[in-house]
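Enquirer: Need a 3D model of the sequence below.
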Amino acid sequence: EVQLVESGGGVVQPGGSLRLSCVASGFIFSDERMSWVRQAPGMAPEWVSGINRRSTSSYYADSVKGRFTISRDNAKNTLYLQMNSLKPEDTAMYYCTRGWTTLDYWGQGTQVTVSS
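Expert: Here you go, the predicted model:
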């Protein structure tokens, strides 16, 4: 059974930082591209970032470019998202997903709230 379990969300002030983690199980993690997707209340999901199998390529939405960094540790089956210079508009539920263009498995999400 494929499982993706996110952690690391919380409440942070504007300008602050958070690091999200996602532990994967039930599939060969190193064989799969991975992504982060977020969804704010009442909004459609927004793809945030993706990384290839060996971490040689990563991509970002324009809204987070230069502030967020995606990474992975294949030995630990873990995906990360380092979020710096957070803004109120980054407030959303953040999901770890398997894949890039086709996101076939999603975690349960971790809430990020940016507020003063």
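Enquirer: Can you give me the buried ones in stretch 39-59?
Expert: By 16 or more other C-beta atoms under 10 Å, the buried positions in stretch 39-59 come out as 47-51. C-beta here means a position set from N, CA and C on the backbone, and glycine is covered the same way.
Enquirer: now swap in stretch 94-109 and tell me
Expert: For stretch 94-109, the neighbour count (16+ other C-beta under 10 Å) marks 94-98, 103, 105-107, 109 as buried.
Enquirer: ok, Y80 - how many residues close by?
Expert: When neighbours are defined as other C-beta atoms under 10 Å, Y80 has 19 of them.
Enquirer: For it, give me the backbone phi and psi.
Expert: Backbone geometry at Y80, expressed as degrees, to the nearest 10, gives phi -130, psi 160.
Enquirer: just checking, F68 touches Q82?
Expert: Yes: counting by C-beta atoms under 8 Å, F68 touches Q82, with 6.7 Å between them.
Enquirer: For the two, work out which one has more neighbours and name it.
Expert: Remark: of F68 and Q82, F68 carries more neighbours, 21 against 14, as counted by other C-beta under 10 Å.
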